[in-house]
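A.B. asks: Any chance you can model this:
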Amino acid sequence: MRAASARRNAQPEEKTASWPAGVSTKPVFSIGKVVERVKGEYPTISVSKLRFLEEQGIVTPARTASGYRKYSAADIERVRFCLSRQRDSFLPLRVIREQLFKDTALLPAAASREIAND
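C.D. replies: Sure thing, here's the model as predicted:
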């Protein structure tokens, strides 16, 4: 009971150090907004593809107390990086994930981040 209350009152969490540097890690975009932002350059992007990229460890969106995904600008850049490597270099997700985390010791946490429901 106490943990649920703490999650509801939690402030938006930002990742500490991740790629790309200098891009906001504040989780503010819904999954639909991410698709809208990326669709112009990558027309085949879909909500299900974003969920798949999450399952594969490419992005780790924050979660609201009610379970909704919230993406940061950094998450969107990671999605763009992944999609460009798939399209331009035909790289598998395993290799792309390794490239994303090559310069940091951070790997996506198994547990999702949680944020307050706005």
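A.B. asks: Hmm, E54 and A62 touching each other?
C.D. replies: No - contact status for A62 versus E54: not in contact, 11.3 Å apart, counting by CB atoms under 8 Å. Where C-beta positions appear, they are placed from N, C-alpha and C, glycine not excepted.
A.B. asks: what's the following helix or strand after the longest helix along the chain?
C.D. replies: In terms of residue count, the longest helix belonging to the chain (DSSP state H) is helix 73-89. Where DSSP states H and E defines the elements, the next helix or strand beyond helix 73-89 is helix 93-101.
A.B. asks: Buried ones in the longest helix of the chain, by neighbour count?
C.D. replies: Within helix 73-89, the residues that qualify as buried by neighbour count (16 or more other CB atoms under 10 Å) are 73-76, 78-83, 85-86.
A.B. asks: hang on, the earlier thing: joint contacts of A62 and E54?
C.D. replies: In terms of CB atoms under 8 Å, 6 or more residues apart in numbering, A62 and E54 are both contacted by the residues R69.
A.B. asks: the more surrounded of the two?
C.D. replies: It is A62, of A62 and E54, that has more neighbours when counted by other CB atoms under 10 Å, with 24 against 19.
A.B. asks: Check what pLDDT the residue nearest to that one when sequence neighbours are not counted gets.
C.D. replies: With CB to CB, 6 or more residues apart in numbering as the criterion, A62 has its nearest non-adjacent residue at 3.7 Å, and that residue is P27. On pLDDT, P27 comes in at 95.
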